[in-house]
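1. From the sequence below, what's the structure:
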Amino acid sequence: MKVPKKKSDNKVGYSTVSLPSPLIDKVKERIKGTGMSSVSAYIAFILREILSAENKKELDKKEIEEVKKKLKNLGY
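-> Numbers count the residues shown, from 1 in each chain. Below is the predicted model:
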């Protein structure tokens with residue numbers, strides 16, 4: 001009888017998110033030469049930055065402009 005493998009508590013699961021191809025192409029151009037390993041890694045980095053900003057009580061004007069710039073660069 002096979003015993004099911006236990007998931008390690010340290011492993012993170014992944015899901016798929018669909019993005020428009022033109023947006024993916026823009027991200028690929030943006031990350032060239034940055035050392036960022038993939039479009040997925042870049043998007044995850046940007047989202048972490050945005051979500052971590054939510055933990056602050058209040059963003060200053062400079063931070064708000066940085067978030068807006070990042071979103072604009074992502075095509076939003």
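2. alpha carbons only for contacts and neighbour counts from here, please
-> Fine.
3. so where do the helices sit in the chain?
-> Remark: helices of the chain, listed N- to C-terminal, are 21-31, 39-54, 61-73; assignment by DSSP state H.
4. now the ones you listed as a markdown table including mean neighbour count and mean pLDDT?
-> Conversion of the helices of the chain to a markdown table gives the following (neighbours: other CA atoms under 10 Å; pLDDT from 0 to 100):
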| stretch | mean neighbour count | mean pLDDT |
| --- | --- | --- |
| helix 21-31 | 14 | 95 |
| helix 39-54 | 14 | 88 |
| helix 61-73 | 13 | 90 |
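5. The most centrally placed residue in the chain and Lys61, how far apart?
-> Central residue of the chain (CA atoms, centre = their mean): Ala44, 1.9 Å from the mean position. Ala44 is 24 Å from Lys61, where distance means CA to CA, to the nearest Å.
6. do Ser38 as well
-> Applying CA to CA, one obtains 30 Å for the distance of Ser38 from Lys61.
7. same deal with Val12?
-> Distance from Val12 to Lys61, by CA to CA: 34 Å.
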